[in-house]
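A.B. asks: Below are the sequence and a predicted model for it; my questions follow.
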Number of protein chains: 2
Amino acid sequence: MDDFLLTVDDAADSPLADLEHDRSRLGRTSTAERVADILRDRVTEGFFEPGQRLSEEAIADALGVSRNTLREAFRLLGHEGLLDHRLNRGVFVRILSAQDVADLYRVRRVIEGAAVRRRPSGQELAVIRQAVADAERAAADDDWRGVGTANIRFHQALVTLNQSPRLDETMRQLLAELRLVFHVMKNPRAFHEPFVTRNRKLLELLEADRPDEAAAFLDAYLDDAEQLLVRAYAPNR
Amino acid sequence: MDDFLLTVDDAADSPLADLEHDRSRLGRTSTAERVADILRDRVTEGFFEPGQRLSEEAIADALGVSRNTLREAFRLLGHEGLLDHRLNRGVFVRILSAQDVADLYRVRRVIEGAAVRRRPSGQELAVIRQAVADAERAAADDDWRGVGTANIRFHQALVTLNQSPRLDETMRQLLAELRLVFHVMKNPRAFHEPFVTRNRKLLELLEADRPDEAAAFLDAYLDDAEQLLVRAYAPNR
DNA sequence: ACATAAGGATCGTTGAACAATTCGACAAGA
DNA sequence: TCTTGTCGAATTGTTCAACGATCCTTATGT
């Protein structure tokens, strides 16, 4: 039997190799994961506001799942930092403090900073270019929500330069947390507009293979973004 | 009530500030979390071997908790990367591939690399010094298991230089995953010994405030550690 | 005004139940 | 001999009802 496994594993160039690649699609999701997906969307899109309590009974009822299954979904989102689980009190949509925002940007400086110091491949650059173009197009259309999502794609694409699935995942969660905060920006244009051109500039520095300048430029970029956020955010507290 | 909170928060230098720090310890834990703690220990110490299936019924029975509670614990550890949850097949102790090991070291280079480029405070240096001294003492005593734990504390202390709770947590999980792999090293002395003196050297570079050299030294350090691991690991696959 | 006690609501956990899925064994067929 | 189909045991996925524990609010008394 071991021989059989080795045979398949070694036959990386067999016609079966393609199928192997699709195996991830096949892993069906449990009910709990699907529930988590729904709630994640609701939270990041602002349907559930930060601080709001999510009643187990009410939501389990509304979604037609049992409390146990819903609790599994809550655990998932709690671990992602979107929900705050307080013993015997329930789960609440996470409220990020100003310190949390600062911390998120510290992490971004580390992870994205390391990313821009790497030599991007042609394919990686193409993805980044696409995100920049999408943001510019959305800005031209006055679609500031679209600018926001394109901007997120831009930074995710930056992180992929690290070639690390785990850092990609960390960034994914980090951006989900940040979306909790973005909702406090009442004027999305003022928040997003300045960064469209800076995305383009950063891309040019990458294309010109000037990593140190790119890193310095990114640092200033993130500093400004953080300040914009914290200023709109601090008065709330 | 908000006034009360602000009062306490602002009084960072009051005699109560110390107590504030212990608050995290006080947050009682649910049964599921305590179960997760137990299983985490068992997994990282090698009691459960990678690949082994963890039967819900058997473990729930042995620990005297219900299946539902145990499943919540499984979820927690699954999210930490220690367990592998396969739908309808159960949970297994994670088996890390050589690619996983490489990825873990990529993350370490990014996070620890950023850390050693920062100016450590006196207090931070003291913690690092202590970890180095502990490793040296354990090595002198031929206690290679002790060297391993001191070494882990050393690297955790390095990461705290980033001043980011989230990066600290990321590192904590990363090291837990790495411990899954350390068990393949049959000769702990050969694996740990070379790094005792290198820890000391890295500490000296930090004390001398030479961040670039420290970063370069750390890169070489991590490269060697990774190679040692992968070489002992690859034959298994 | 303040401390205390009572009550309701919600969470934490359990145990049992049933459906869905996996896996191994065994038989039938090429 | 190898492949394929089928069956049944074992395990997981999910639900449900129940009860104690905990928190929050309100009422009560001093």
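C.D. replies: Thanks, I have the structure now.
A.B. asks: So which bits of chain A are right by DNA strand C?
C.D. replies: Residues of chain A that fall close to DNA strand C, judged by C-beta under 7 Å from any atom of the strand: A:53, A:55-57, A:67-68, A:71, A:85, A:87-91. From N, CA and C alone the C-beta is placed, and that goes for glycine too.
A.B. asks: Out of these, which is nearest to A:L167?
C.D. replies: Nearest to A:L167, judged by C-beta to C-beta, of those is A:H85 at 25.8 Å.
A.B. asks: does the closest one have beta-bridge partners, and which?
C.D. replies: Assessed by DSSP bridges, A:H85 has beta-bridge partners A:V91.
A.B. asks: Would you mark the buried spots in stretch A:212-231?
C.D. replies: By neighbour count on 16 or more other C-beta atoms under 10 Å in any protein chain shown, the buried set for stretch A:212-231 is A:214-215, A:217-218, A:221-222, A:225-226, A:228-229.
A.B. asks: That stretch near chain B at all?
C.D. replies: No: Stretch A:212-231 does not reach chain B (C-beta under 8 Å from any C-beta of the partner chain); its nearest approach is 11.2 Å.
A.B. asks: which residues sit against that stretch?
C.D. replies: Contact partners of stretch A:212-231, identified using C-beta atoms under 8 Å, 6 or more residues apart in numbering or on different chains, comprise A:98, A:101-102, A:105, A:108-109, A:112-113, A:116-117, A:181-182, A:184-185, A:190-191, A:194-195, A:198, A:201-202, A:205-206.
A.B. asks: Filter those residues down to the buried ones.
C.D. replies: Buried members of these, counted by 16+ other C-beta under 10 Å: A:101, A:105, A:108-109, A:112-113, A:116-117, A:181-182, A:185, A:191, A:195, A:201-202, A:205-206.
A.B. asks: Next step: those residues restricted to helices.
C.D. replies: The helices, defined by DSSP state H, take in A:101, A:105, A:108-109, A:112-113, A:116, A:181-182, A:191, A:195, A:201-202, A:205-206 from the buried ones among the contacts of stretch A:212-231.
A.B. asks: I'd like the distance from the longest helix seen in chain A to the chain centre, please.
C.D. replies: Selection of the longest helix in chain A by residue count, based on DSSP H, yields helix A:211-233. In terms of C-alpha atoms, centre = their mean, to the nearest Å, the centre of helix A:211-233 is set 18 Å apart from its chain centre.
A.B. asks: Distance check, A:L206 against DNA strand C.
C.D. replies: Taking C-beta to the nearest atom of the strand, to the nearest Å as the criterion, A:L206 is separated from DNA strand C by 44 Å.
A.B. asks: A:D103 now?
C.D. replies: To DNA strand C, A:D103 is 25 Å away according to C-beta to the nearest atom of the strand.
A.B. asks: ok, that residue - contacts?
C.D. replies: Applying C-beta under 8 Å, 6+ apart, one finds that A:D103 lies in contact with B:164-166.
A.B. asks: isn't there a helix covering A:F48?
C.D. replies: No: assigned with DSSP: H, G, I helix; E, B strand; the rest coil, A:F48 falls outside any helix and is coil.
A.B. asks: Which phi and psi values does it adopt?
C.D. replies: Phi and psi for A:F48, reported as degrees, to the nearest 10, are phi -100, psi 120.
A.B. asks: pLDDT value on A:F182, please?
C.D. replies: For A:F182, the pLDDT comes out at 87.
A.B. asks: before we move on, the earlier item: please indicate which of the contacts of A:D103 are buried?
C.D. replies: Burial by neighbour count, 16+ other C-beta under 10 Å: within the contacts of A:D103 this picks out B:164, B:166.
A.B. asks: Of the contacts of A:D103, which is the nearest to A:R153?
C.D. replies: Among those, and counting by C-beta to C-beta, the member closest to A:R153 is B:R166, at 21.8 Å.
A.B. asks: Which helix or strand contains the closest one?
C.D. replies: Assigned by DSSP states H and E, B:R166 belongs to helix B:165-182.
A.B. asks: if we can go back for a sec, mind putting the contacts of A:D103 in a markdown table, pLDDT included?
C.D. replies: Shown next, in a markdown table, are the contacts of A:D103 (pLDDT from 0 to 100):
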| residue | pLDDT |
| --- | --- |
| B:S164 | 98 |
| B:P165 | 96 |
| B:R166 | 97 |
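A.B. asks: and stretch A:139-152, which residues are buried?
C.D. replies: Neighbour counts over stretch A:139-152 (16+ other C-beta under 10 Å) mark A:139, A:144, A:146-148, A:150-152 as buried.
A.B. asks: so how far is it off the chain centroid?
C.D. replies: Using C-alpha atoms, centre = their mean, the offset of stretch A:139-152 from its chain centre is 16 Å.
A.B. asks: can you check stretch A:180-200 too?
C.D. replies: 16 Å.
A.B. asks: What lies in contact with that stretch?
C.D. replies: Taking C-beta under 8 Å, 6+ apart as the rule, stretch A:180-200 contacts A:43-44, A:46, A:49-50, A:82, A:93-94, A:96, A:101, A:131-132, A:135-136, A:139, A:142, A:144-145, A:147-148, A:151, A:154, A:217, A:221, A:224-225, A:228-229, A:232-233, A:236.
A.B. asks: My understanding was that A:A176 contacts A:R40; is that so?
C.D. replies: Yes: counting by C-beta atoms under 8 Å, A:A176 does reach A:R40; the two are 7.1 Å apart.
A.B. asks: got any residues that touch both of these two?
C.D. replies: Counting by C-beta under 8 Å, 6+ apart, the contacts common to A:A176 and A:R40 are A:80, A:82.
A.B. asks: Quick check: residues of chain A near chain B?
C.D. replies: Where chain A comes near chain B, counting by C-beta under 8 Å from any C-beta, the residues are A:27-30, A:68, A:71-72, A:75-76, A:79, A:87, A:103-104, A:106-107, A:109-111, A:113-114, A:162-167, A:170, A:174.
A.B. asks: Alright, I will stop here.
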